[in-house]
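[1] have a look at this prediction, sequence included:
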Amino acid sequence: MQKRSLRSAVLGRVPRRVALTFVAAAAVLGHLSASPAATSAATAARPSTKPNIVFILTDDMRLDDLRYLPHVRRLLGATGRTYTEAIAPDPLCCPSRASLVTGQFGQNNGVKHNAGRWGGYRALRHKSNTIARWLTDAGYQTLYTGKYLNGYDWEDGRTKADTPRPPGWTVWDPVVKNVYSYWSGTFWNGDKFHGRYKTDVFTQRTVSAIDRFHASRKPFFLFVNQLAPHSTELRNGSLSPAQYEPRYARYLAGVKPPNHTWPSYNSATSGLPSSLNAPAARAPRAVVERWASTWRDRLRALQSVDRSVARIVAELKATGELDNTYLVFSSDNGYELGEHRRTGKNVVFKESLRIPLLVRGPGIAAGTTSRTPVSLVDLAPTFLEWAGAHPGRVQDGLPLDQINPDRRDSLLIQTGDKVADSTPGWWFRGVKTSRYTYATYAGNGAQGLLYDHSIDPYETTNRYDDPAYRAVRAELQRRTEILERCAGADCNQVFGPVPEPQAS
């Protein structure tokens, strides 16, 4: 498959049977209605010219999952901008969320993994100094609902006293018990629910916040962190594929995942480092069928998120807030689902790094696409720019509208490790350019990954030890050594052209 068809696989048409399901799903919009109070208030004048910001974050959503979310594509993509080269620079739940509330990479905010000495909520430095305080100082009302940083919960005997409320949030509403259950949960304020689908619960609390903040006549910032399509935790502590509402039980029935035709699917990368533990043999049929089943379950769960976005947009419109609101939709990381015979994240393969990113709002041209390489670390600086707010931390990213090849040509990428060894918190660290993905094993420079996307878009051949790429590797290693220590402006540099590979 050529580059053009690869892009189509991400954003292109879906099978006709799936398209028919989308038509049926669109009928849901007819049942969405704002509360009477919100509707009657829609004509109220807003004294503030500052824009609202609504950030909707999914959990483990791949970039190519976006093609199955018709409301997101129509209400955000067709009316805003879709970034096709967005990445999670540290593709794991907690590091991504830490970057989103701080605007910093893990070496600066302290969070490198979900757990262990360098992971989770306890690893976050200066916990009270987050984007919530900065936006509050700029006159914003703020909401956080959904999953917060890993370890911020009441499981394993922890209580409210162990999870203090971070300052700056007008409505502090994270789930702190049964975080990975789709049908139950306990919020920080003590509210409990059981037998209700979690996506719908988060949506209702978001809609209520819109009504409340609209009535206050102040600008607002909403951070809505959905669970889908993350796996669910069973009573015995094991993980199972995402759970979905019964109405979507037949969605995608019989449809094969589009990645099953990719060269990387159920195939090991040539020259893969032993530290990645890739299976030597092709996965048996039972495993392949499990990959396909997991893919369908994930997308069934995402249908509720798609419907949630439609409801949030409808509420913003009903209150008269929509035209003055930036809506941002993204994910904390991507997910391997059969590529390189792997399942999961926290690796620097493209399916784990790449994420959806759509932005709608004032001044953003409708139906536009950007191929500018951006990352989750850029979102906090973007929100601050829109709000006219000042950060309480040095920002490692750039506002989206300031990113271009004259400001930055290489992105830091890294994965964390929870093992206490000689590499404090890191596993692989490297850089991503418009052509290359490069990373070296933190504990052993003799192991690494180097992919040339100009000739290998599916990352099937590791060029790390290829003599023809010796100069390429040296330059990318130089950039890695600079960026892995970076903070602030030093994280955004123009290094110039990478040497061309030399014929051996």
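    Cool, the structure landed. Keep in mind that this is a model prediction, so the values were computed, not measured.
[2] could you use CA atoms for every contact and neighbour count after this?
    Fine.
[3] the longest helix seen in the chain - what's its average pLDDT?
    Counting by DSSP state H, the longest helix found in the chain is helix 285-318. Across helix 285-318, pLDDT averages out at 97.
[4] could you say what helices and strands that helix packs with?
    helix 36-41, helix 70-72, helix 198-216 (3 or more CA pairs under 8 Å, 6 or more residues apart in numbering; DSSP states H and E).
[5] list the buried residues in the longest one.
    Residues 198-199, 201-203, 205-211, 213-215 are the ones in helix 198-216 that count as buried (16 or more other CA atoms under 10 Å).
[6] skip the chain neighbours and tell me the closest residue to P356.
    L63 (4.7 Å; CA to CA, 6 or more residues apart in numbering).
[7] any idea how many residues pack against the one you found?
    Residues near L63, counting by other CA atoms under 10 Å, number 27.
[8] residue contacts, the most centrally placed residue in the chain?
    Residue closest to the average C-alpha location in the chain (CA atoms, centre = their mean): S331, at 2.0 Å. Applying CA atoms under 8 Å, 6 or more residues apart in numbering, we find S331 in contact with L57, T58, D59, D60, M61, R62, I355, P356, L357.
[9] partners of it in the sheet?
    Beta bridges link S331 to T58 when assigned by DSSP bridges.
[10] so it versus C93, what's the distance?
    9 Å (CA to CA, to the nearest Å).
[11] mutual contacts of those two, please.
    D59, D60.
[12] got any ranges where the protein has weak pLDDT?
    1-48, 277, 504 (pLDDT under 70).
[13] how about the helices of it, start to end?
    Taking DSSP H as the criterion, the chain carries its helices at 3-11, 16-26, 36-41, 70-72, 93-102, 106-109, 131-137, 198-216, 285-318, 350-353, 379-387, 470-483.
[14] quick one: closest of the ones you listed to K50.
    K50 sits nearest to helix 379-387 of all the helices of the chain, at 6.3 Å, using CA to CA.
[15] could you tell me the angle between the closest one and helix 93-102?
    30 degrees (axes from the mean of the first three to the mean of the last three CA atoms, to 10 degrees).
[16] renumber starting at 814 from here on
    Sounds good: first residue 814 from here, last item helix 1192-1200.
[17] export helix 1192-1200 to CSV, keeping only CA atoms.
    C-alpha atoms of helix 1192-1200 as CSV (Å, rounded to 0.1, in the frame of the first residue of the first chain):
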residue,chain,number,x,y,z
LEU,A,1192,-1.9,21.5,24.0
ALA,A,1193,-1.4,23.3,27.3
PRO,A,1194,0.4,26.2,25.7
THR,A,1195,-2.4,26.3,23.1
PHE,A,1196,-5.1,26.5,25.7
LEU,A,1197,-3.2,29.3,27.5
GLU,A,1198,-2.8,31.3,24.4
TRP,A,1199,-6.5,31.1,23.6
ALA,A,1200,-7.3,32.1,27.2
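[18] what does it contact?
    863-866, 912-916, 944, 948, 951, 1203-1204, 1208, 1210-1214.
[19] just the buried residues of the residues you listed.
    Using 16+ other CA under 10 Å, the buried members of the contacts of helix 1192-1200 are 863-866, 912-916, 944, 948, 951, 1204, 1208, 1210-1213.
[20] who's in contact with the closest residue to N942 other than its chain neighbours?
    Distances taken as CA to CA, 6+ apart put G1205 closest to N942, at 6.5 Å, once the chain neighbours are dropped. Contact partners of G1205, counting by CA under 8 Å, 6+ apart, are N942, T943, I944, W947.
[21] ok, the third one touching P1204?
    It stands for I944. Yes - if you go by CA atoms under 8 Å, I944 and P1204 touch, sitting 7.2 Å apart.
[22] which parts of the stretch 864-1013 of the chain are strands?
    Remark: strands assigned in the stretch 864-1013 of the chain by DSSP state E, counting those that start in this stretch are 865-871, 894-896, 899-900, 954-959, 984-990, 997-1000, 1005-1007.
[23] buried deepest among these, which one?
    With neighbours defined as mean count of other CA atoms under 10 Å, the strands of the stretch 864-1013 of the chain peak in mean count at strand 899-900, which reaches a mean of 26.
[24] what about that one, distance to the chain center?
    Chain-centre distance of strand 899-900: 8 Å, with CA atoms, centre = their mean, to the nearest Å.
[25] what packs against that strand?
    Helices and strands touching strand 899-900, by 3+ CA pairs under 8 Å, 6+ apart, are strand 1187-1188.
[26] contacts for the strand it packs on, please.
    Y896, E898, A899, I900, A901, P902, G1210, L1213, I1216, L1224.
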